[in-house]
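Peer 1: With the sequence up front, the predicted model follows.
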Amino acid sequence: MRKAPIPDTVEDATRDLENRTLARLHGDFARLIYLASTRDYNSGRYEHDGLSFRYTKQVAEEALRAAHREVFVSLALSTLEQLVGQLEHYIRSGCAEPAELVASWNDSEAYRVLPPAQDDPLTVKLFLSNVKIALAIVGPSWREGRPNQDPQYASQLPPPGR
C-alpha cells in the first residue's frame with residue numbers, strides 16, 4: 001500500500017534529492033542533464049516518482065526546480081576552464097562512445113534543453129556559448145580517438161596571446 005505524501009518543506013525534499021539521487025551522479029554536467037530530464041518539455045513541470053512518493057507533488061516539483069537552477073547557475077557562471085573540465089569528466093564517465101556525443105552535441109546542439117525554463121536570458125546565452133566553446137576545445141581529441149591525457153580532466157587552455 002502506498003504511503004500518503006508528507007507535506008514537508010522544499011528544503012527537506014531538496015536535501016532528500018541531493019542525498020539519494022544527485023550524490024550518486026558524478027559531476028555537475030551529469031546532475032544538470034539528469035535534472036533537465038525530470039522536466040516535461042511540454043508543460044515545464046518537473047516530475048520525480050521518488051520525491052512524489054515521499055512529498056507532495058508541489059514540494060517535489062519545487063525541489064527539482066530549485067536544484068536544477070542551482071546546478072545550472074553553478075555551471076553557467078563557472079570559468080571556461082572549469083566548464084571544460086566538467087564536460088570532459090561527463091564525457092569520460094558516462095558515455096559509451098565519446099566521439100559520438102561530441103559530434104551529436106555539435107550537430108544538434110542538444111545541450112540547448114539543459115537550462116531551466118524562463119531563466120535569465122543572459123545567463124542562458126553565456127552557458128550555451130561556453131558549452132559550444134568547450135565542445136570546440138575537447139572535440140578534437142575525442143574525434144581523434146584519444147582523450148586529453150590530463151588525469152584531473154581539466155584541459156589546458158592555450159596561454160593568453162596565442
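Peer 2: Perfect, I can see it now.

Peer 1: what's the distance between Leu135 and Ser104?
Peer 2: Per Cβ to Cβ, to the nearest Å, Leu135 is found 10 Å from Ser104. Yep, even glycine has a C-beta here, placed from its N, CA and C like the rest.

Peer 1: Which secondary structure element is home to Thr123?
Peer 2: Using DSSP states H and E, the element containing Thr123 is helix 121-143.

Peer 1: For that helix, which helices and strands make contact with it?
Peer 2: Where contact means 3 or more Cβ pairs under 8 Å, 6 or more residues apart in numbering; DSSP states H and E, helix 121-143 is packed against helix 57-76, helix 80-94, helix 98-108.

Peer 1: can you redo these as JSON lines with mean neighbour count, distance to Gly50 and mean pLDDT?
Peer 2: Formatted as JSON lines, the helices and strands packed on helix 121-143 follow (neighbours: other Cβ atoms under 10 Å; distance: least, Cβ to Cβ, whole Å; pLDDT from 0 to 100):
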{"stretch": "helix 57-76", "mean neighbour count": "20", "distance to Gly50": "9", "mean pLDDT": "96"}
{"stretch": "helix 80-94", "mean neighbour count": "20", "distance to Gly50": "20", "mean pLDDT": "91"}
{"stretch": "helix 98-108", "mean neighbour count": "15", "distance to Gly50": "27", "mean pLDDT": "89"}
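
Peer 1: of all those helices, which lies closest to Ala13?
Peer 2: Smallest distance to Ala13 across the helices and strands packed on helix 121-143 (Cβ to Cβ): 3.6 Å, for helix 57-76.

Peer 1: what's the angle from the closest one to helix 121-143?
Peer 2: Helix 57-76 and helix 121-143 are oriented at 70 degrees to each other (axes from the mean of the first three to the mean of the last three Cα atoms, to 10 degrees).

Peer 1: mind exporting helix 57-76 as CSV, just the C-alpha atoms?
Peer 2: Provided in CSV are the C-alpha atoms of helix 57-76 (Å, rounded to 0.1, in the frame of the first residue of the first chain):
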residue,chain,number,x,y,z
LYS,A,57,3.7,16.9,-5.8
GLN,A,58,4.2,20.6,-5.4
VAL,A,59,7.0,20.3,-2.9
ALA,A,60,8.7,17.7,-5.1
GLU,A,61,8.4,19.9,-8.2
GLU,A,62,9.8,23.0,-6.3
ALA,A,63,12.8,21.0,-5.0
LEU,A,64,13.6,19.8,-8.6
ARG,A,65,13.2,23.3,-10.0
ALA,A,66,15.5,24.7,-7.3
ALA,A,67,18.1,22.0,-7.7
HIS,A,68,18.0,22.4,-11.5
ARG,A,69,18.6,26.1,-11.3
GLU,A,70,21.3,25.8,-8.7
VAL,A,71,23.4,23.4,-10.8
PHE,A,72,22.7,25.3,-13.9
VAL,A,73,23.9,28.6,-12.4
SER,A,74,26.9,27.0,-11.0
LEU,A,75,28.0,25.7,-14.4
ALA,A,76,26.9,28.8,-16.3
